[in-house]
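Undergrad: My questions are about this predicted structure, shown below with the sequence.
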Amino acid sequence: MEEKLQIAKVKLGNQGLEVSRLGFGCGGLSGIYNTPLSHEVGCSVIKDAFSKGVTLFDTSDIYGDNHDNEIMVGKTMHSRFVGANLGKNKLLYARVANLAAKHGCSSPQLALAWVLHQGDDIIPIPGTTKIKNLDDNIGSLEVKLSLEDLKEVSAAVPIDEVNGEREFSLHSHTIGSL
C-alpha cells in the first residue's frame, strides 16, 4: 500500500503562521490563463488540494472578472453558511444580537469589541465595501465590556455549537493560547 505524502509546513513571516510548503495558485480557476472552471469543478479541486495538505491558497481580485477564485475558496472552506448549518448558526447569531441590543450596539460591533478586549496585542482587521460598515467598525472601539460581559459573549457562542467545517490549522498557533 502506497504511503500518502505529508506536505511539510513552513513558517510564513514572523508571527508564527504555518502554511504548507507548497501553495496552490487559484488564478487558473477563474480563467486568467485558461477557460474558467465552473464553481463545482473549482471547489472540487480546492477541496482535494486541501485534503492532501495544501493550506496556502493564492487568490486575487485580478484573477478573472468576477472574483470567482476567491468565491470558490470561500465556498470550499466555509460550510458554516450553507444548508442546515446556516439555520443552526442563526440561533447563535440571535444570541449575539440580543447581547448587542443590551449593549446598544450592532452584532458586528459587539463581535469586534469582544475581539478588541482579548488583549492590547490583538488587532482585528475587518474589511468592508460600505462607509456605514466602516463607521460601525470604528464604533466598536467605543463598546466597553466588563469581564462578566466578555464571559457572557463567549458563553453565547460556544465553539462546539458552531456548525460547519472551518480550517483551524492555519490559526493553530493562536488557538493554543486562548
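TA: Here it is on my side, so go on. Note that the structure is a prediction, hence the values are computed from the model and not measured. Numbers count the residues shown, from 1 in each chain.
Undergrad: so who does residue 42 touch?
TA: Shown in contact with residue 42 (C-beta atoms under 8 Å, 6 or more residues apart in numbering): 29-30, 68-69, 72. C-beta here means a position set from N, CA and C on the backbone, and glycine is covered the same way.
Undergrad: again, only this time at 10 Å
TA: 26, 28-30, 36, 68-69, 71-73, 75-76 (C-beta atoms under 10 Å, 6 or more residues apart in numbering).
Undergrad: State the phi and psi torsions of it.
TA: phi -60, psi -40 (degrees, to the nearest 10).
Undergrad: Relative to residue 69, how far out is it?
TA: 7 Å (C-beta to C-beta, to the nearest Å).
Undergrad: Identify the contacts common to these two.
TA: 26, 28-30, 36.
Undergrad: Kindly indicate the member of these with the most neighbours.
TA: residue 29 (29 neighbours; other C-beta atoms under 10 Å).
Undergrad: I'd say that residue and residue 40 touch.
TA: No: between residue 29 and residue 40 there is no contact under C-beta atoms under 10 Å: 11.5 Å.
Undergrad: Between those two, which contacts overlap?
TA: By C-beta under 10 Å, 6+ apart, the residues touching both residue 29 and residue 40 are residue 72.
Undergrad: Checking my notes, residue 55 in a strand, right?
TA: No: Residue 55: not assigned to a strand; according to DSSP: H, G, I helix; E, B strand; the rest coil it is coil.
Undergrad: if I look at it, how far off is residue 114?
TA: From residue 55 to residue 114 the distance is 26 Å (C-beta to C-beta).
Undergrad: contacting residues for the spatially closest residue to residue 36 that is not a sequence neighbour?
TA: Spatial nearest neighbour of residue 36, chain neighbours left out: residue 30 (5.2 Å); criterion: C-beta to C-beta, 6 or more residues apart in numbering. By C-beta under 10 Å, 6+ apart, residue 30 lies in contact with 36-37, 39, 42, 59-72.
Undergrad: distance of residue 30 from residue 49?
TA: 15 Å.
Undergrad: if I look at the residue nearest to residue 36, how far off is residue 69?
TA: 4 Å.
Undergrad: you'd agree residue 104 is up against residue 143?
TA: Yes: Residue 104 lies in contact with residue 143 (C-beta under 10 Å); the separation is 8.3 Å.
Undergrad: Many thanks, have a good one.
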